[in-house]
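A.B. asks: Below is the structure, and that's it, no one-letter string:
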């Protein structure tokens, strides 16, 4: 029986690579993932976005590498002053160094984006995968629950949910984004699992007596996870923008947390008198969201054979 199952898995490998010959005579055939990585390495969009994200991750972990000041140290006598030696971005209304706050603001945004994406992807892929694989009343129930969450306006839901939270940490914002973000990934994961479980190698493994757990982990999940990764990568940039929006409205991250959304909110009333207060945190936010969206587009192009 185990030998027959191994043969079924070899059939799965043939279907995923398209042929037994692979890349050429005598060469080992490339899988979907190795083929995608082969294409990504040659995609300038992926390279540029990855370098930008790597830089953002590094400064979010060790902001002291490029900013030696304290983002909470302010001097009212320098309120709204422009750039000066050692302070290239100038000062905000409270006399805080805009450059230092812009650098330290990456930590909160990256933390919220990464944690919310991991939470939404894990919850959504598990629930969607189980619903798509087993079907029945569980699938119908998940679809109706997801429809309810889809009907909740994100910004309005954030205003209602986060307005009653008094914590100044990032976790209430992360929890809210996960709460409203998992249905999208669950729907994508459900559709991918339904498509994957209809393949011949899955039906062969079932006929040979493979259990549901083996089929899910060995045959269905590896072939259904690619769309989830693409959606989650693009959603990460969206979640960072959502955190900034909620912080701008006063219900997301709150002082003394340093956040681009908080700085943009404080700078908006002074945009005519001191535009530098708004320019730098808004520019950093835009570049960060753009980097993750570019990365998601590159991953999508590499994982979708129809776009090659």
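C.D. replies: Received, thanks. Please read all numbers here as calculations on a predicted model, not as lab measurements. Numbers count the residues shown, from 1 in each chain.
A.B. asks: which stretches of this protein form helices?
C.D. replies: Using DSSP state H, the helices assigned to the chain run over residues 2-17, 32-40, 44-61, 98-134, 136-150, 154-162, 171-196, 200-207, 212-214, 221-248, 260-267, 276-303.
A.B. asks: To residue 88, which of the ones you listed lies closest?
C.D. replies: Residue 88 sits nearest to helix 98-134 of all these, at 5.6 Å, using Cβ to Cβ. From N, CA and C alone the C-beta is placed, and that goes for glycine too.
A.B. asks: want to try a markdown table for the helices of the chain, with distance to residue 90, mean pLDDT and mean neighbour count as columns?
C.D. replies: Below are the helices of the chain laid out as a markdown table (distance: least, Cβ to Cβ, whole Å; pLDDT from 0 to 100; neighbours: other Cβ atoms under 10 Å):
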| stretch | distance to residue 90 | mean pLDDT | mean neighbour count |
| --- | --- | --- | --- |
| helix 2-17 | 55 | 46 | 15 |
| helix 32-40 | 39 | 77 | 16 |
| helix 44-61 | 20 | 93 | 16 |
| helix 98-134 | 5 | 92 | 22 |
| helix 136-150 | 42 | 88 | 13 |
| helix 154-162 | 30 | 88 | 15 |
| helix 171-196 | 28 | 90 | 22 |
| helix 200-207 | 60 | 73 | 17 |
| helix 212-214 | 59 | 72 | 12 |
| helix 221-248 | 20 | 89 | 22 |
| helix 260-267 | 11 | 92 | 24 |
| helix 276-303 | 5 | 91 | 20 |
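A.B. asks: Pipe these into TSV and attach distance to residue 74 per row.
C.D. replies: Converted to TSV, these look like this (distance: least, Cβ to Cβ, whole Å):
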stretch	distance to residue 74
helix 2-17	57
helix 32-40	44
helix 44-61	21
helix 98-134	10
helix 136-150	41
helix 154-162	26
helix 171-196	24
helix 200-207	61
helix 212-214	57
helix 221-248	19
helix 260-267	12
helix 276-303	13
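A.B. asks: for the ones you listed, which one sits closest to residue 69?
C.D. replies: Residue 69 sits nearest to helix 98-134 of all these, at 4.1 Å, using Cβ to Cβ.
A.B. asks: what helices or strands is that closest one leaning on?
C.D. replies: If contacts are counted by 3 or more Cβ pairs under 8 Å, 6 or more residues apart in numbering; DSSP states H and E, helix 98-134 sits against helix 44-61, helix 136-150, helix 171-196, helix 221-248, helix 260-267, helix 276-303.
A.B. asks: a markdown table please, covering these and showing distance to residue 113.
C.D. replies: Converted to a markdown table, the helices and strands packed on helix 98-134 look like this (distance: least, Cβ to Cβ, whole Å):
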| stretch | distance to residue 113 |
| --- | --- |
| helix 44-61 | 10 |
| helix 136-150 | 20 |
| helix 171-196 | 9 |
| helix 221-248 | 4 |
| helix 260-267 | 12 |
| helix 276-303 | 7 |
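A.B. asks: quick one, which of those helices is nearest to residue 107?
C.D. replies: Short answer: helix 44-61, nearest of the helices and strands packed on helix 98-134 by Cβ to Cβ, at 4.3 Å.
A.B. asks: closest one to residue 68 among the helices of the chain?
C.D. replies: Nearest of those (Cβ to Cβ): helix 98-134, 8.1 Å.
A.B. asks: right, so of the helices of the chain, which gets closest to residue 75?
C.D. replies: For the helices of the chain, distance to residue 75 was read as Cβ to Cβ. The smallest value, 12.4 Å, belongs to helix 98-134.
A.B. asks: roughly how far is that closest one from the heart of the chain?
C.D. replies: Put simply, helix 98-134 sits 5 Å off its chain's centre (Cα atoms, centre = their mean, to the nearest Å).
A.B. asks: just stretch 253-264 next, same as before
C.D. replies: With Cα atoms, centre = their mean as the basis, stretch 253-264 stands 21 Å off its chain's centre.
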